[in-house]
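**Student:** next input, structure requested:
(2 chains)
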There are 2 protein chains.
Amino acid sequence: MGCGCNEIEVRAYICCMPEQLFSYQQLFDFTFLIIKKIGSSDEHAETAARALLSADLRGIDSHGIARLGGYVRLWEVKRVNATPDIKVIHETPSTAVVDGDSGLGLVVAPFAMKIAIEKAKQAGTGWVSVQNSNHFGIAAHHAMMALEYDMIGMAMTNASPLVAPTFSVDKMLGTNPICVAVPAGKEPPFVADFATTTAANGKLEILQRKNADTPLGWVQDADGNHSTDANILKKGGALLPLGGDREHGSHKGYALGAIVDVFSALLSGANYAPWVPPFPAYVPIPAQQPGKGIGHFLGAMRVDAFRPAKEFKDAMDHWIQGFRNCKTIPGEEKVLVPGDPEREFEEERMINGIPLLDVVVDDLKRLAQKFNIPLH
Amino acid sequence: MGCGCNEIEVRAYICCMPEQLFSYQQLFDFTFLIIKKIGSSDEHAETAARALLSADLRGIDSHGIARLGGYVRLWEVKRVNATPDIKVIHETPSTAVVDGDSGLGLVVAPFAMKIAIEKAKQAGTGWVSVQNSNHFGIAAHHAMMALEYDMIGMAMTNASPLVAPTFSVDKMLGTNPICVAVPAGKEPPFVADFATTTAANGKLEILQRKNADTPLGWVQDADGNHSTDANILKKGGALLPLGGDREHGSHKGYALGAIVDVFSALLSGANYAPWVPPFPAYVPIPAQQPGKGIGHFLGAMRVDAFRPAKEFKDAMDHWIQGFRNCKTIPGEEKVLVPGDPEREFEEERMINGIPLLDVVVDDLKRLAQKFNIPLH
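**Tutor:** Predicted coordinates for the structure are as follows:
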């Protein structure tokens, strides 16, 4: 980004910022205890802590422990139920609908993914749409649960509206991410996890700190004009679907975000489109609520429901090696396979620790004091 | 496009070109008879003609009858089998792998989609990966087969390599389209059908005829530099994944194209990545063939495997109306729902006929003469 920080710092959205290092275990224990304190069971607190911290490990810091205070505030305003009765309310051999009972998405999504995996064991594939949930952290954590069973995992979620469809001024969709995780053999798995917008909100925040502009194609202003103002969301502007504008295929990014909304919320009975509840507890929920909570969609496909797993994984290795060996464009070192950067983060941070911004540490200290939990 | 042609002409990729009008029935009968002449059964010829002509009806002229001669040439070089024994070679309650026996994709894909639909009737969802096939026309035709059963339909296919992954000079993926078709109630269905590139090849051809440049973000040159040369593919250049460059999210478009390849070919045992056979019969097949033919992936999800169909379709109507009623950005008339432009084409062309470029008509006349079939 031209600021002297290395790529890891830029991607982790901590460039140019004061930070402190914590071990994974420190942050895991802290998160576990905080979630216990709001009333969750040991099992739920462990599931939630693992899901939340997977974001910090993988370098998606905007979705990790930085949000712990936000989840607690949702519990305080009674939008998160710490002791949910999560259950299947409808099912067929390969499908289910799960009611999250307003639980943490960090707990509800792994519950739903386990059902998808069990369905896939029996029927070849399993597909679970979820209503009445909350923010689920990073999609990759849930999708990757399928990998150890030699299954392809999928996870998506809708989110509150920040994105304007092609030709629209109104914000109608969330950044609605999609993750697909594919097992390989000797190679590490293929894990694609991406928002269906040109750029996610976290990237705007990096630019805000530097008083820098966004490239064209990331955002528009409140009237729908092109903009490069990194603060435009606070002024009524919108994120743009992947593609940016019609000429560059934004109708495709819009369609992808819409598909995530349909699978996550229309199939389950969750809120959809502009009616999805916001993450910040202080932002009021839209008056009209056509469904319940936030929606997710989880899927698992057993590889050997199609062909022998060994054959498939050998072919994936061959596929992956082909991409890694591509000739690169000028100035680039290597062609990446989806999941490479996040895996490198995870390996590095498990050894060297997870850097947290001072502002995040301050928020955690306030939580520590409020709940009388040590942060060390 | 600034040339005075209307949007229908531009989108149909016939702007500024001499054209002739034919009725749907004329072109259907001609296609049916040609495919019969290469040895196909009545049933296969009818299935293929319906699939092929659906592209012309929906305004995707690059994938319609303009390709009929190309399919015939593939049959002439024995890469298309006119009397394939298409069969399921592996299955579970919700999955199957189909061997297309080198048949026309126009026949193989509907066969596979029917199996997906039958699986969905029993198991809630059905997912079919296809090996040993050929070009299948437009994805929407196959995905939309699910709609009449109140199912969500999905179709994707890999294709020969024209697309460079992010940071790569080498072309590793096809334009690998994805279609998702979703039934609604009073509103017409939601049908998103798009290549996973910024712009499809057909759009380059329009610009070539006008000696116009492409926008930045569509293509790169043979060394991987930015380019705006609409003829760049003939000079060793590549199409770019949706997003265009890393800063605008091309790694997401690359991931989408890769997912299509994995589902279509790695799961089925078809050729993948740069080894997918090309459509033009005169282009040699890559020497290394890790699989069989081209791969597709077809899926069907019964809506009422999740919630009552009436409830789902009412919610889809509400969703669609919300998007249609968005405030528009300056200069745009309305916000579209995926599938709107293609449906408008279909309604208009069923009444007024299908315009074909003179060059396409000339190619059809040569076929007519060769097979002694009238074109009238």
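**Student:** where does pLDDT dip in chain A?
**Tutor:** Counting by pLDDT under 70, chain A contains low-confidence ranges at A:1-17.
**Student:** the residue lying farthest from the centre of it: what's it in contact with?
**Tutor:** The C-alpha centroid of chain A is most remote from A:Pro330, which lies 31.7 Å away (CA atoms, centre = their mean). A:Pro330 makes contact with B:223-225, according to CB atoms under 8 Å, 6 or more residues apart in numbering or on different chains. Yep, even glycine has a C-beta here, placed from its N, CA and C like the rest.
**Student:** of those residues, which is the nearest to A:Val128?
**Tutor:** Relative to A:Val128, the closest of those is B:Gly224; by CB to CB it sits at 41.4 Å.
**Student:** can you tell me the SS state at the closest one?
**Tutor:** coil (DSSP: H, G, I helix; E, B strand; the rest coil).
**Student:** okay, the residue nearest to it when sequence neighbours are not counted and A:Leu256: tell me how far apart.
**Tutor:** Distances taken as CB to CB, 6 or more residues apart in numbering or on different chains put A:Ile329 closest to B:Gly224, at 2.9 Å, once the chain neighbours are dropped. For A:Ile329, the distance to A:Leu256 (CB to CB, to the nearest Å) stands at 25 Å.
**Student:** please say which of the two ends up with more neighbours.
**Tutor:** A:Leu256 (31 against 21; other CB atoms under 10 Å in any protein chain shown).
**Student:** and the helix or strand hosting the more buried one, C-alpha only, in CSV?
**Tutor:** Assigned by DSSP states H and E, A:Leu256 belongs to helix A:250-261. Taking Å, rounded to 0.1, in the frame of the first residue of the first chain, the C-alpha atoms of helix A:250-261 are listed here in CSV:
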residue,chain,number,x,y,z
SER,A,250,-21.1,-5.7,-11.4
HIS,A,251,-24.4,-7.4,-12.4
LYS,A,252,-22.5,-10.7,-11.8
GLY,A,253,-21.4,-9.6,-8.3
TYR,A,254,-24.9,-8.5,-7.6
ALA,A,255,-26.3,-11.8,-8.7
LEU,A,256,-23.8,-13.7,-6.5
GLY,A,257,-24.8,-11.6,-3.4
ALA,A,258,-28.5,-12.2,-4.3
ILE,A,259,-27.9,-16.0,-4.6
VAL,A,260,-26.3,-16.0,-1.1
ASP,A,261,-29.4,-14.2,0.2
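**Student:** from B:Val169, how far out is the residue farthest from the centre of chain A?
**Tutor:** Per CB to CB, A:Pro330 is found 9 Å from B:Val169.
**Student:** kindly export stretch A:339-350 (C-alpha atoms) in PDB.
**Tutor:** This file holds the C-alpha atoms of stretch A:339-350, laid out as PDB (Å, rounded to 0.1, in the frame of the first residue of the first chain):
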ATOM      1  CA  GLY A 339      -6.500 -20.400   0.700                       C
ATOM      2  CA  ASP A 340      -2.700 -19.900   0.400                       C
ATOM      3  CA  PRO A 341      -2.400 -16.500   2.100                       C
ATOM      4  CA  GLU A 342      -4.700 -17.500   5.000                       C
ATOM      5  CA  ARG A 343      -2.800 -20.700   5.600                       C
ATOM      6  CA  GLU A 344       0.500 -18.800   5.700                       C
ATOM      7  CA  PHE A 345      -1.000 -16.400   8.300                       C
ATOM      8  CA  GLU A 346      -2.200 -19.400  10.400                       C
ATOM      9  CA  GLU A 347       1.200 -21.100  10.400                       C
ATOM     10  CA  GLU A 348       3.000 -17.900  11.200                       C
ATOM     11  CA  ARG A 349       0.600 -16.700  13.900                       C
ATOM     12  CA  MET A 350       0.400 -20.100  15.700                       C
END
